[in-house]
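1. Need a 3D model of the sequence below.
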Amino acid sequence: MSHQQIEVQIMGQSYLLGCPEGGQAQLLAAVDKVDQAMCKVRDAGKIKARDRIAVLAALNLAFENVNAEDDTEAAPANSSAATALNQDAVAPSELQRLDQLLKKLDQALQQDGQLI
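-> As a prediction, the model looks like this:
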């Protein structure tokens with residue numbers, strides 16, 4: 001599988017990320033979630049260091065994901081087949097995607113010698 005590189009913006013900072021072919025829409029959606037989460041932490045005004053903002057944003061996203069998984073597991077047994085398929089398809093891969101994105105973000109932050 002070939003990879004392409006795409007440039008993205010997270011909290012006003014440019015990052016060049018590797019992206020598998022056909023995965024651009026998913027990566028951009030993940031970047032958007034991370035950007036929104038980091039901007040929310042930054043805008044709260046208590047934390048200024050970009051690496052700490054990234055960690056707190058990641059924890060917030062992971063917490064939301066775990067809560068979503070808990071809600072999925074607590075769904076009533078008589079839910080529709082489409083809902084069940086959707087729940088099964090989403091829950092297992094989200095943590096893996098978050099973990100991969102966090103690793104990419106960590107790598108980018110390590111290379112970015114301009115942490116706030």
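
2. Check the secondary structure at Gln36 for me.
-> helix (DSSP: H, G, I helix; E, B strand; the rest coil).

3. That one: how many residues sit nearby?
-> 14 (other Cβ atoms under 10 Å). Where you see a C-beta, it was placed from the backbone N, CA and C, and this is true even at glycine.

4. Would it be right to say that Tyr47 lies in a strand?
-> Just so we're on the same page, residue 47 is Ile rather than Tyr. No. Read with three-state DSSP, Ile47 is coil and lies in no strand.

5. average pLDDT for stretch 50-68?
-> In this model, stretch 50-68 carries a mean pLDDT of 87.

6. Show the end-to-end separation of stretch 9-16, please.
-> End-to-end distance of stretch 9-16 (Cα to Cα, to the nearest Å): 9 Å.

7. and what of stretch 3-17?
-> End-to-end distance for stretch 3-17: 10 Å, by Cα to Cα.

8. How about that stretch, which residues are buried there?
-> Val8, Ile10, Met11, Gln13, Tyr15, Leu17 (16 or more other Cβ atoms under 10 Å).

9. So which residues of the chain form strands?
-> For the chain, strands defined by DSSP state E occupy the ranges 3-10, 13-20.

10. could I get those as CSV with mean pLDDT and distance to Asp70?
-> As requested, the strands of the chain are exported to CSV (pLDDT from 0 to 100; distance: least, Cβ to Cβ, whole Å):
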stretch, mean pLDDT, distance to Asp70
strand 3-10, 91, 28
strand 13-20, 92, 30
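
11. Could I get those strands in a markdown table, plus columns for distance to Val31?
-> A markdown table is the format used below for the strands of the chain (distance: least, Cβ to Cβ, whole Å):
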| stretch | distance to Val31 |
| --- | --- |
| strand 3-10 | 5 |
| strand 13-20 | 8 |
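
12. farthest pair in the buried residues of stretch 3-17?
-> Greatest spatial distance in the buried residues of stretch 3-17: Met11 and Leu17, 14.5 Å, computed using Cβ to Cβ.

13. Can you tell me which of the strands of the chain is nearest to Leu61?
-> Among the strands of the chain, the nearest to Leu61 by Cβ to Cβ is strand 3-10 (12.7 Å).

14. got a list of contacts for that closest one?
-> Outside strand 3-10, the residues that touch it by Cβ atoms under 8 Å, 6 or more residues apart in numbering are 14-21, 24, 27-28, 31, 34-35, 38, 105.
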